[in-house]
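> Show me how the following folds:
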Amino acid sequence: MSRPSYDDSALDGASCVTEPLFDLEPLALFSVPADAAESTPEPAAARSVTFLHTADWQLGMTRHFLSGDAQSTYSAARDDAVVRIGDLARATGAEFVVVCGDVFDDPRVSTRIIRRTLAALGEYPVPVYLLPGNHDPLDATSVYRSREFVAACPDNVIVLDEPGVVAVRDGVALVAAPWTTKRPLTDLVSDQLSQLTESDDIRIVVGHGGVDSLSPNDDPSIVGSAALDVAVAAELVDYVALGDRHSLTSVGDSGRVWYSGAPEVTAFDHVESAPGHVLEVTLSRGGESSIEVTPHRVGQWSFRTIREHMNGADDIARLRGLFSEIPDKSRTVVQLALTGTISVTDEVALADLLDEFGDRFAALKIWERHHDLTVVSDPSDVAQLDLQGYAALAAAELAERAASDSDAADAADARAALALLYRLAGAGR
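Coordinates of the predicted model:
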């Protein structure tokens, strides 16, 4: 095919100027706007929240070693702790309160306890989330399903009766793991963690139960600490609030897994090292993630364990000094374990000491399992009585029998009789 011919005579003697077909900037059809090239995904908006973490109120609990008056005072203190938590929420500016299981000691608590508790919670200035635990599971007999609870439950009290994510407000959610039976067959907390996907929300696990790193056993419901560490490291959750352990305890090294402990003491200090606290927790996410955990003391009672070795009057005097130094005796229970050997005379002095401080303390009990105090008869026991005639002969016979190794039961009876004689003779002087 021949090429077409053009008439270019009009160009003769004129300068040649080439006009562009389109009036566009070079590469305009293919260039990328500068702002689009430099744009990156916007970071999630910064979020923060402050809340209170508490657990194991076990309202309705009684202690077998407390007498009627002391038990009433102790129960009132536990009720008062619930009120003080509401006051703390107001003072700290907390947005809500989570109670991580065992709000009640038993599903069969009295209607009085149910109604008084809900009335107190209704006075809180913020929402209160209650998690069923092993003492108050959400089973067929659950206190949370009782007519009295349902009728008296205020609007700001929410029972976490379904497992999974529960929105608190925009950007903040709870991950609930309620107990629906007293004997779960799986790790309820890990079950929920395994279903989580990435989120920009602040997420707070609300769980209950022992952790294998602290209490290793073959219970299928034991919470796996490895799963908690992985979820925290992957930022699937920001904080794990646990109940069941009655002492304030940080789990692992992240600083984001805690037991708040019970707000009022429930066992002696060789078992509960740090009861009586509520945790104020502040979390932030977006930009820089941070956590601040502040314990607040709300408990008023203490259960003290005292172990002492006794060899005579000086040790009894030392024990008196130790008792005297303990503050707030009317709200202190002492469990005493003594070892050693003392005379009958010393035993009488010790009994008087225990009688005196038994009245001053809320309770003073002997820890029989670790108490091993031997009382022996000493000639000085009879000499100090300054008896005459038949009484002196009887005391001498008792002292001889008390020192005998042939019949332990008879020796114990003789020492008791000698101690009684010492008391009677001493009272008459």
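> May I have the secondary structure class of Leu185?
Following DSSP: H, G, I helix; E, B strand; the rest coil, we place Leu185 in the coil state.
> from what I can see it touches Ile222, true?
No - using C-beta atoms under 8 Å as the test, Leu185 is too far from Ile222 to be in contact (11.6 Å). For every residue, glycine as well, the C-beta is placed using N, CA and C.
> The two: which has the busier surroundings?
For Leu185 versus Ile222, the count of surrounding residues by other C-beta atoms under 10 Å is larger for Ile222: 20 against 9.
> Surely that one is in contact with Leu214?
No - Ile222 is beyond contact range of Leu214, at 9.7 Å (criterion: C-beta under 8 Å).
> Okay, buried residues for stretch 70-86 please.
Of the residues in stretch 70-86, 70-71, 73-75, 77-78, 80-82, 84-86 count as buried by neighbour count, 16 or more other C-beta atoms under 10 Å.
> and that stretch, average pLDDT?
Computed over stretch 70-86, the mean pLDDT rounds to 95.
> Between the buried residues of stretch 70-86, which sits nearest Leu364?
Closest approach between the buried residues of stretch 70-86 and Leu364, by C-beta to C-beta: Ala70, at 10.6 Å.
> ok, longest strand in the protein?
Scanning the chain for the strand with the most residues, using DSSP state E, yields strand 332-343.
> Convert the C-alpha atoms of it to PDB, please.
Included here for strand 332-343 are C-alpha records, laid out as PDB according to Å, rounded to 0.1, in the frame of the first residue of the first chain:
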ATOM      1  CA  THR A 332      -8.200  -9.700 114.600                       C
ATOM      2  CA  VAL A 333      -8.400 -13.500 114.800                       C
ATOM      3  CA  VAL A 334      -5.300 -15.300 116.100                       C
ATOM      4  CA  GLN A 335      -4.400 -18.900 115.400                       C
ATOM      5  CA  LEU A 336      -1.700 -20.100 117.900                       C
ATOM      6  CA  ALA A 337       0.700 -23.000 117.500                       C
ATOM      7  CA  LEU A 338       3.100 -23.500 120.500                       C
ATOM      8  CA  THR A 339       5.900 -26.000 120.800                       C
ATOM      9  CA  GLY A 340       8.200 -26.800 123.700                       C
ATOM     10  CA  THR A 341       8.000 -27.900 127.300                       C
ATOM     11  CA  ILE A 342       6.700 -26.000 130.300                       C
ATOM     12  CA  SER A 343       5.800 -26.700 133.900                       C
END
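> C-terminal to the helix or strand bottoming out on mean pLDDT in the chain, what's the next element?
When each helix and strand of the chain is scored by mean pLDDT, DSSP states H and E, helix 34-38 comes last, with a mean of 49. Sequence order places strand 47-54 as the next helix or strand after helix 34-38, per DSSP states H and E.
> on that earlier part again, now the longest strand of the chain, how far from the chain's geometric center?
Distance of strand 332-343 from the chain centroid (C-alpha atoms, centre = their mean, to the nearest Å) equals 29 Å.
> cool, stretch 259-268 as well?
Distance of stretch 259-268 from its chain centroid, counting by C-alpha atoms, centre = their mean, is 5 Å.
> got any ranges where this protein has weak pLDDT?
The model of the chain has pLDDT under 70 over residues 1-44, 377-392, 395-397, 399-400, 402-406, 415, 418-419, 421-429.
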